[in-house]
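Colleague: the following block contains a protein sequence and its predicted model.
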Amino acid sequence: MHKIKHNIITEEVLKSWNQKFVPDLDYFYFEERPSFLSVKERTTVELSLDLKTSYLPWNISSKASYIGTVSNDEFLGWEKALQKSVLREQIRLNRGYIFELDELRNVIGDISVDVMNDLDSYSINDNGKQLITLQGALWKAFPYHVRTSILLYVADMFVDLDSISISTDLNDVKSEYPTIAYLLNTFGKMNGPNCLGAVLAALNEDEVNQDLILSKWVLTPEFYEELKKRDYMKFNTSSIQQNDVLIWGKDQNTLHSCFVLSNGLVFNKQGQTMFNPYQCVPLADVLNNWKWVQTSGGQLSIYRKK
């Protein structure tokens with residue numbers, strides 16, 4: 001078992017992450033149509049949530065116009081010069097996670113000769129810096145403990161709020177909210193469940209329905225419909241109470257939501273990736289984290305049971 005900012009990662013979760021983080025089939029991006037690989041126009045390729053978490057498409061350069069898929073065996077069959085050229089293009093277009101070689105060395109710690117050779121073999125020189133972009137064959141070549149170190153490092157990047165660490169406070173919340181006790185300060189196995197789903201899970205006492213909610217990305221219309229079914233309505237108040245649902249919105253878009261627990265704490269999920277835990281955090285921290293919405297013309301709405 002591991003912890004990131006007081007959030008638990010079980011071995012079962014780690015094994016799931018290990019399978020999802022770097023796909024078996026590589027998706028390579030190109031600015032120009034390559035002659036050596038069949039590709040599709042980027043705008044025609046729909047990425048799953050798992051692939052979006054792997055490649056972070058929102059960060060990829062707008063210059064990337066084509067996508068080609070390559071199996072690990074096919075990639076390994078390419079000449080080394082072609083491998084390097086394609087990996088260099090991924091770095092130039094900012095595809096996915098890009099690490100400095102020294103950074104990865106520090107993350108991994110004790111590095112065997114074989115791992116060091118693999119890192120050196122796949123590293124790309126970019127203006128004097130040695131960079132690594134993860135690819136299926138390289139990921140599979142790493143021993144499990146190396147992959148674990150990298151996954152924990154990436155998870156830490158995603159968690160910007162510390163969960164509460166005082167066990168008595170956490171136990172009090174678990175006693176008061178038994179249906180979500182198992183979720184508090186834990187990471188999940190899958191990409192997709194978002195902040196809206198976390199709120200609905202907190203409001204739902206049926207275990208089957210809760211599992212269904214936490215197996216998908218809850219869309220905004222479903223979220224508000226479920227609030228309505230549970231007699232939650234918007235209150236014109238600035239006073240926040242236990243069991244309130246807080247919703248940050250801007251330009252008619254719902255940006256974030258969390259569920260208010262007792263003792264100045266909230267149940268919060270900051271995003272929809274497997275690296276975003278189900279957190280029990282201080283209300284003040286979440287208000288501070290999302291205050292940019294209000295200062296940029298958005299609003300915080302308070303929904304309360306009638």
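Modeller: Thanks, I have the structure now. This structure is a prediction, so every number in the text was calculated from the model and none was measured.
Colleague: so which bits of the helix or strand hosting residue 87 are buried?
Modeller: According to DSSP states H and E, residue 87 maps onto helix 80-92. Within helix 80-92, the residues that count as buried by 16 or more other CB atoms under 10 Å are 83-84, 86-87, 89-91. Quick note: C-beta positions are derived from backbone N, CA and C, even for glycine.
Colleague: give me the average confidence score over stretch 260-276.
Modeller: For stretch 260-276, the mean per-residue pLDDT is 94.
Colleague: quick one on the thing from earlier: quick check, distance from the helix holding residue 87 to the centre of its chain.
Modeller: Chain-centre distance of helix 80-92: 26 Å, with CA atoms, centre = their mean, to the nearest Å.
Colleague: and if you look at stretch 11-19?
Modeller: 14 Å.
Colleague: packing partners for the helix ranked longest in the chain?
Modeller: In the chain, taking DSSP state H as the definition, the longest helix is helix 144-158. Packing partners of helix 144-158 (3 or more CB pairs under 8 Å, 6 or more residues apart in numbering; DSSP states H and E): strand 2-4, helix 11-20, helix 101-108.
Colleague: what segments of the stretch 151-300 of the chain are helices?
Modeller: For the stretch 151-300 of the chain, the helices defined by DSSP state H, counting those that start in this stretch cover 167-176, 195-203, 207-213, 220-229, 283-289, 291-295.
Colleague: format those helices as TSV; extra columns: mean pLDDT and distance to residue 124.
Modeller: Below are the helices of the stretch 151-300 of the chain laid out as TSV (pLDDT from 0 to 100; distance: least, CB to CB, whole Å):
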stretch	mean pLDDT	distance to residue 124
helix 167-176	87	44
helix 195-203	96	36
helix 207-213	85	42
helix 220-229	96	40
helix 283-289	96	35
helix 291-295	96	35
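Colleague: these into a markdown table, with extra columns for mean neighbour count and distance to residue 37?
Modeller: Listed next are the helices of the stretch 151-300 of the chain as a markdown table, based on neighbours: other CB atoms under 10 Å; distance: least, CB to CB, whole Å:
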| stretch | mean neighbour count | distance to residue 37 |
| --- | --- | --- |
| helix 167-176 | 13 | 51 |
| helix 195-203 | 25 | 38 |
| helix 207-213 | 14 | 40 |
| helix 220-229 | 14 | 38 |
| helix 283-289 | 16 | 42 |
| helix 291-295 | 12 | 42 |
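Colleague: would you mind giving those helices as TSV with distance to residue 243 added?
Modeller: Listed next are the helices of the stretch 151-300 of the chain as TSV, based on distance: least, CB to CB, whole Å:
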stretch	distance to residue 243
helix 167-176	10
helix 195-203	9
helix 207-213	17
helix 220-229	12
helix 283-289	13
helix 291-295	22
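Colleague: looking at these, spot the one closest to residue 184.
Modeller: helix 167-176 (6.2 Å; CB to CB).
Colleague: hmm, who's touching the closest one?
Modeller: Taking contacts as CB atoms under 8 Å, 6 or more residues apart in numbering, the residues outside helix 167-176 that touch it are 164, 181, 184-185, 261-263, 265, 280.
Colleague: out of these, which are buried?
Modeller: For the contacts of helix 167-176, a burial check counting by 16+ other CB under 10 Å picks out 164, 184-185, 261, 265, 280.
Colleague: biggest separation within these, which pair?
Modeller: Farthest pair in the buried ones among the contacts of helix 167-176 (CB to CB) is 185 and 261. Separation: 12.2 Å.
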